[in-house]
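> Output the structure for:
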Amino acid sequence: MPQPQTYKKHARLFPLYHFFVLPVLAINFFNSIRHVVHRPMRDTAWEVVVAFALVMLALSARVMVLSVQDRLIRLEMRLRLRTLLPPDLQGRLMELTHKQLVALRFASDQEMPALVADVLAGKLATQKAIKQRIQDWQSDHLRA
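Got it, this is the predicted structure:
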């Protein structure tokens, strides 16, 4: 069973990506630069281009996955907030930024209305401030 999450322990590392794919691609990129320095030729220069393209491919794939995840979180949060918020706050849902919605997902249903009211009042502007204010942290182990 996964460990409970808190503000201090909610960041997620994907070991295959963070500890294997990225390091191998980075080492390959720097190794190809070393080849160009020691043996400057057209084919070794092309190795640098391909190695850099692979690093960019890995980074862009990660960005795309996180973008889709954030879109789903925003949709999920808007649906969740429609059931949890009083009518006066429901009318202001579109005022919440994407980052605020993503940060609010960790809050329990009981504390959500007060947190949203504080966010809309300007008392909690950043993701960090919102997450630090959450008392009953709801773990999210299904993130990318």
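> where does residue 18 land on pLDDT?
pLDDT for residue 18: 88.
> likewise the one 3 residues further on?
As summarised for this prediction, residue 21 has a pLDDT of 94.
> Count the neighbours of the closest residue to it other than its chain neighbours for me.
Spatially, and ignoring its direct neighbours in sequence, residue 21 is nearest to residue 58 (5.7 Å; CB to CB, 6 or more residues apart in numbering). Yep, even glycine has a C-beta here, placed from its N, CA and C like the rest. For residue 58, the neighbour count with other CB atoms under 10 Å is 16.
> Residue 58 and residue 44, how far apart?
Using CB to CB, to the nearest Å, we find residue 58 at a distance of 22 Å from residue 44.
> and the nearest residue to residue 96 once chain neighbours are set aside, what helix or strand is that in?
Using CB to CB, 6+ apart and skipping the chain neighbours, the partner closest in space to residue 96 is residue 119 (6.5 Å). Assigned by DSSP states H and E, residue 119 falls within helix 112-120.
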